[in-house]
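A.B. asks: whatever this is, show me its structure:
(one chain, ligands or ions: 1)
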Amino acid sequence: PANAQWGGRFAGGPSAIMQEINASIGFDQVLWRQDLRGSKAHARMLARAGILSGTDETAIRDGLDAIGAEIEAGTFVFETALEDIHMNIEARLSERIGEAGKRLHTARSRNDQVATDFRLWVRDAIDALDRQVASLMLSLAIRAAEHAADPMPGFTHLQTAQPVTFGHHLLAYVEMLSRDRGRLADTRRRLNECPLGSAALAGTSFPIDRALTASLLDFDRPTQNSLDAVSDRDFALEYLSALSIMAVHLSRLAEEIVTWCSAPFGFIRLSDAFTTGSSIMPQKRNPDAAELTRAKTGRIVGALMGLLTVMKGLPLAYAKDMQEDKEPVFQATDASALCLAATEGMVRDLVARTDRMRALAGSGYSTATDLADWLVRVLRLPFRTAHHVTGRLVGRAEARGVELAELSLEEMQAEEPGITAEVFAVLTVDASVASRTSEGGTAPDNVARQASAWIGRLQHP
Ligand code: ARG
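C.D. replies: This next block holds a predicted model:
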């Protein structure tokens, strides 16, 4: 049989394959809340504009609420033949309330309807993810405050560079996540315009009130070009871009967690709740949550690449290609929410092995820069000369298999006669981190101040 919603000019129905390739109900049913909300706003506007009677509007509103209850109760039957969530709900509405239900689609097309629903969905997703990011940032800041003065090796090229504090390292991620929130907020600001009323592509001849629909749906304003409104998905691309960058941040922390909890590093211990065992090796505690957070970046970035490719070269206005916009967005949202939750769980539970980090922070000639800086400050050597002298001292220490602080004063003076015993004071890990008081530096006082500033901001936004 021909489709009940659009079958007027068709004699026969679509083939099974046509239905299968066309249907989106399998995934777009998650839009049901947004679809009901959008339809109620549209009906209210139609009634206010005198296009629909008050009685019809009431019937539509009550009918849509009843459908919402059916979906919530799991009794609603989603039909593949009805393609998508929009037509499933509209068909059910007509089934329940008759003629009034058939009037709902006046001055509307599925093209502006789906663009509106999808914006509403992404907006809700941004709000939920934003709360999760803020919560992860707070957990990181709390752990940073706790470890503001605990030294760890700082790396460049993954080679020991200079000591930093563990708190400082954790706060680096708080900064990154804060920019991720900023990107999500920007996306939300730009997407917050209402496409409804653009109809199929050209607008409508009915005397609609687009400002009213927009405000009923908490949009800032109606979109200003009907072709653009039904045919762009840049809001979804921006959202996926923001999620991709955030996923890259989370993957870096995940990678560090994997490294830190390995036996050769031994910086942290993860909790039983966020590790798994091995089926053969009894000693194993595997950081699977961190590994999967690292890996899910692939599907999130993949979602962005997929949708960019779908949109590229599409002529205006709507094309069915755009139905492929939803799964990447839904999947990337689920993956992001899961990664944020897993990361927060690991961060909250992890036990920092501060003795181990402190010991390693002092190895590998990590305070060589402090020695060079001392030569500049106290002996007034040019930095390049000080660098060279220090390099020779590191060479001596390495040849003897000792750390810089284990060289005798005589050995030091053999390279630079001006060196005095005071130099040993700058070679400790604590002196090194305490001296990094420049703005944004790793000095424990800086870190403690920044951690508490973040905690304050996140607890009382
Ligand atoms: N399910 C469709 C989508 O997600 C709804 C819009 C259909 N519009 C159309 N002209 N066939 O894009």
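A.B. asks: all strands for this protein, in order.
C.D. replies: Here the chain has its strands, by DSSP state E, at 151-156, 159-165, 193-194, 221-222, 268-269, 351-352.
A.B. asks: pipe those into TSV and attach mean pLDDT, mean neighbour count and distance to the ligand per row.
C.D. replies: Every C-beta, even on glycine, is put in place using the N, C-alpha and C of the backbone. Below are the strands of the chain laid out as TSV (pLDDT from 0 to 100; neighbours: other CB atoms under 10 Å; distance: least, CB to the nearest ligand atom, whole Å):
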stretch	mean pLDDT	mean neighbour count	distance to the ligand
strand 151-156	96	20	47
strand 159-165	95	20	49
strand 193-194	98	23	17
strand 221-222	98	16	19
strand 268-269	96	20	45
strand 351-352	97	14	48
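A.B. asks: between these, which one is nearest to Ala242?
C.D. replies: strand 193-194 (17.9 Å; CB to CB).
A.B. asks: tell me how far that closest one is from the chain's mean position?
C.D. replies: Relative to its chain's centre, strand 193-194 lies at 23 Å (CA atoms, centre = their mean, to the nearest Å).
A.B. asks: which strands or helices does it pack on?
C.D. replies: helix 110-146, helix 210-216, strand 221-222 (3 or more CB pairs under 8 Å, 6 or more residues apart in numbering; DSSP states H and E).
A.B. asks: returning to that earlier point: closest one to Glu403 among the strands of the chain?
C.D. replies: strand 159-165 (11.4 Å).
A.B. asks: what lies in contact with that closest one?
C.D. replies: 147-155, 360-367, 369-370, 429, 432-433, 436, 442, 444, 447 (CB atoms under 8 Å, 6 or more residues apart in numbering).
A.B. asks: can you say which of those residues are buried?
C.D. replies: Those of the contacts of strand 159-165 that meet the buried threshold are 147-155, 360-362, 365-367, 369-370, 429, 432-433, 436, 442, 444, 447, by 16 or more other CB atoms under 10 Å.
A.B. asks: just the ones in helices from those, please.
C.D. replies: Those of the buried ones among the contacts of strand 159-165 mapping onto helices are Leu360, Ala361, Thr369, Asp370, Val429, Ser432, Val433, Pro444, Val447, per DSSP state H.
A.B. asks: what's the closest of those to Asp220?
C.D. replies: For those, the nearest to Asp220 is Val447 (39.4 Å; CB to CB).
A.B. asks: which residues sit in contact with that closest one?
C.D. replies: Ala144, Ala148, Ala149, Thr165, Gly167, His168, Leu171 are the contacts of Val447 under CB under 8 Å, 6+ apart.
A.B. asks: how about the residues of the stretch 51-200 of the chain near the ligand?
C.D. replies: Asp84, Arg110, Asn111, Val114 (CB under 6 Å from any ligand atom).
A.B. asks: ok, now how distant is the residue in the stretch 351-461 of the chain that the ligand sits nearest to from Ala172?
C.D. replies: In the stretch 351-461 of the chain, the residue that lies nearest the ligand is Pro461 (35.0 Å; CB to the nearest ligand atom). Distance of Pro461 to Ala172, given as CB to CB, to the nearest Å: 21 Å.
A.B. asks: again, but for Val248
C.D. replies: 14 Å.
A.B. asks: same thing with Ala303?
C.D. replies: On the measure of CB to CB, Ala303 and Ala172 end up 26 Å apart.
A.B. asks: for Asp56, same thing?
C.D. replies: Counting by CB to CB, the gap from Asp56 to Ala172 is 58 Å.
A.B. asks: those two: who's more crowded?
C.D. replies: Asp56 (21 against 15; other CB atoms under 10 Å).
A.B. asks: for that one, give me its contacts.
C.D. replies: Ala43, Ala47, Glu99, Ala100, Arg103.
A.B. asks: find the least confident helix or strand in the protein, judged by mean pLDDT.
C.D. replies: helix 16-22 (a mean of 92; mean pLDDT, DSSP states H and E).
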